[in-house]
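Colleague: Everything below, folded, please.
(4 chains)
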There are 2 protein chains.
Amino acid sequence: MSERKDIHNSDIPVICRACEARHKGICGALTPDQLTKLSKQTQKTAVEPDSFLLEADQPVDMYSNILNGVVKLTKLMPDGRQQIVGLQFAPDFLGRPFQNDNAVFAEAANTVALCSFPKKALEDLAAESPDLEHRLHEQALRELDEARDLMLLLGRKTAGEKVASFLMLLIRHMDPEREITDGAVALELPLKRADIADFLGLTIETVSRQLTKLRKAHVIEVENNRTIHVPSLERLRAASGDF
Amino acid sequence: MSERKDIHNSDIPVICRACEARHKGICGALTPDQLTKLSKQTQKTAVEPDSFLLEADQPVDMYSNILNGVVKLTKLMPDGRQQIVGLQFAPDFLGRPFQNDNAVFAEAANTVALCSFPKKALEDLAAESPDLEHRLHEQALRELDEARDLMLLLGRKTAGEKVASFLMLLIRHMDPEREITDGAVALELPLKRADIADFLGLTIETVSRQLTKLRKAHVIEVENNRTIHVPSLERLRAASGDF
DNA sequence: TTTGTTCCTTGATCCAAATCAAGGCGCCTG
DNA sequence: CAGGCGCCTTGATTTGGATCAAGGAACAAA
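Modeller: Numbering: from 1, shown residues only, chains lettered A, B, ... in the order given. Below is the predicted model:
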């Protein structure tokens, strides 16, 4: 009932001990016993940028936790038009529970580390542990809230607001360690321009131009194309069109 | 009567007997006892078009099942720009579990009938019935799948494709009874042009023009502005840009 | 060193959808 | 029955972002 996980760290499988998914991810819902059982079937893998983790409409027999890196969830139209419909960060759960095929592609945006386990293993655990299903439910609701924010972005924001909102979103998700004094922040873009465009419903050129505009307006500083300094979060937020 | 169905039915509270939510909605997860307990705290209400059911960022103390009609979930920008981020149909569950405020407005699109009950009553039931939480989880996942389809629509489809996709979406959700031979369908639009525009990320004028275009291309026939005949679903699907 | 590749930026032009403007139809109310 | 209102359509014009086109910087391979 009331096991103190912290005291009995020795009960925790070695490969889970330092894992973020055990704290903020779904594995936190598992007892040491369940964790041990699951960990025997897990596999940690590293994945190169731009490789596929899940194919849309293909049956999936594995779920994963994201340990590191950023995963793009994409949709494709028959003629090749593409939209990124979600970005997932560690320690998110990756997969579509209760369904054998997946409506989206999942693709590594940068180098991604995964902890994967068989679909069945998780579903068996979920059936016996309401707390695990509850965590999955909570993540689904969080993703839904995010998806709806993105719908407002895609449907009603200008290109400039989209790019500023994207930077705000990254800052919200990336390690809060980087937060510097008085609302200044530095961040490394995990996505190339083409991905940012596919995420925001824009073209590469427009993304580039809007970043230049933000730079010239001193809202951001750009270093080596991928490192962004934000001197005032407040100014960036204002550019994003949100409250 | 001594039919098995009626005997079984006699355990069910009167107001729940004919209710769709008991079959396809969340109430199907409840035992007759639980249903009786809940039904004592429920209230059926009829709501006029354009009245608010939930205010964003306001605490909510009720959840509802939609018994009839269509509910718009909307987001608003500080300057008044608006986006409909979801449409909900009977017998959907309405509300954001596990959170006291709501990130969206919920507004009746047409005349809506609701069955409402206190937040706490449902959450207590969910705690004791994993099956209920499972149903809520399933609905959240369905809404997430829909939201992602809409993100592709908003980010990458043309105005014409958006309008055709919207009609396809309505057909998918409205009563399948109306399906006529060889893929012909008639439907009543539950939304006015302004709502369709807010849903598709367009303006009223563009929606109107695209409907005219579909009409002139004989993909649809329009009657009284609100009734649409689709002679060939196949042709409409092709116009929607989807597979 | 050159040559190629990938990723990114910038400029010129074009176009789909927004905006601006007017009018039509059904419906209610005085 | 006039007048007003809500909802929708259509036309003219404008514009934000797409498309087309060129080139720069970083890096690897030859």
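
Colleague: Isn't A:Phe199 up against A:Leu167?
Modeller: No - if you go by CB atoms under 8 Å, A:Phe199 and A:Leu167 don't touch, sitting 11.7 Å apart. (Glycine included, C-beta is placed from N, CA and C.)

Colleague: Looking at those two now, which is surrounded by more residues?
Modeller: A:Phe199 (27 against 24; other CB atoms under 10 Å in any protein chain shown).

Colleague: So which residue is smack in the middle of chain A?
Modeller: A:Gln88 (1.4 Å; CA atoms, centre = their mean).

Colleague: check contacts around the spatially closest residue to that residue that is not a sequence neighbour.
Modeller: The shortest distance from A:Gln88 to any non-neighbouring residue, by CB to CB, 6 or more residues apart in numbering or on different chains, is to A:Val71 (4.4 Å). A:Val71 makes contact with A:53, A:87-89, A:92, A:94, A:106-109, A:112, according to CB atoms under 8 Å, 6 or more residues apart in numbering or on different chains.

Colleague: Distance to A:Asp242, pLDDT and secondary structure for those residues - can I get that in TSV?
Modeller: Output for these, formatted as TSV (distance: CB to CB, whole Å; pLDDT from 0 to 100; DSSP: H, G, I helix; E, B strand; the rest coil):
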residue	distance to A:Asp242	pLDDT	secondary structure
A:Leu53	31	90	strand
A:Leu87	18	98	strand
A:Gln88	22	97	strand
A:Phe89	20	95	strand
A:Asp92	23	95	coil
A:Leu94	27	95	strand
A:Ala106	27	95	strand
A:Glu107	28	96	strand
A:Ala108	29	96	strand
A:Ala109	23	96	coil
A:Val112	29	95	strand
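
Colleague: can you redo the residues you listed as CSV with distance to DNA strand C?
Modeller: Shown next, in CSV, are the contacts of A:Val71 (distance: CB to the nearest atom of the strand, whole Å):
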residue, distance to DNA strand C
A:Leu53, 18
A:Leu87, 16
A:Gln88, 20
A:Phe89, 19
A:Asp92, 23
A:Leu94, 22
A:Ala106, 18
A:Glu107, 13
A:Ala108, 12
A:Ala109, 11
A:Val112, 15
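
Colleague: quick one: which of those residues is most hemmed in?
Modeller: Comparing these by number of neighbours (other CB under 10 Å), A:Val112 comes first, having 27 neighbours.

Colleague: May I have the beta-bridge partners of it?
Modeller: A:Val47 (DSSP bridges).

Colleague: coming back round to it: the residue nearest to A:Gln88 is in what secondary structure piece?
Modeller: Secondary structure assigned from DSSP states H and E places A:Val71 in strand A:70-76.

Colleague: So which bits of that strand are buried?
Modeller: A:70-75 (16 or more other CB atoms under 10 Å in any protein chain shown).

Colleague: Next: stretch A:32-44.
Modeller: Under 16+ other CB under 10 Å, the buried positions of stretch A:32-44 are A:32, A:34-35, A:38-39, A:42.

Colleague: What is the nearest of those residues to DNA strand C?
Modeller: A:Thr42 (30.4 Å; CB to the nearest atom of the strand).

Colleague: Quick one: residues contacting that closest one.
Modeller: If you count contacts by CB under 8 Å, 6+ apart, A:Thr42 has them with A:15, A:115-117.

Colleague: Run through chain A and note the low-pLDDT ranges.
Modeller: A:1-10, A:175-182 (pLDDT under 70).

Colleague: need the buried residues of strand A:70-76 in CSV with distance to B:Leu150, can you?
Modeller: Shown next, in CSV, are the buried residues of strand A:70-76 (distance: CB to CB, whole Å):
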residue, distance to B:Leu150
A:Val70, 22
A:Val71, 21
A:Lys72, 18
A:Leu73, 14
A:Thr74, 15
A:Lys75, 10
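
Colleague: Show me which pair in those is furthest apart.
Modeller: Farthest-apart pair in the buried residues of strand A:70-76 is A:Val70 and A:Lys75; separation 17.2 Å (CB to CB).

Colleague: coming back round to it: can you tell me which of the buried residues of strand A:70-76 lies nearest to A:Arg193?
Modeller: The closest of those, once distances to A:Arg193 are taken by CB to CB, is A:Lys72, at 13.6 Å.
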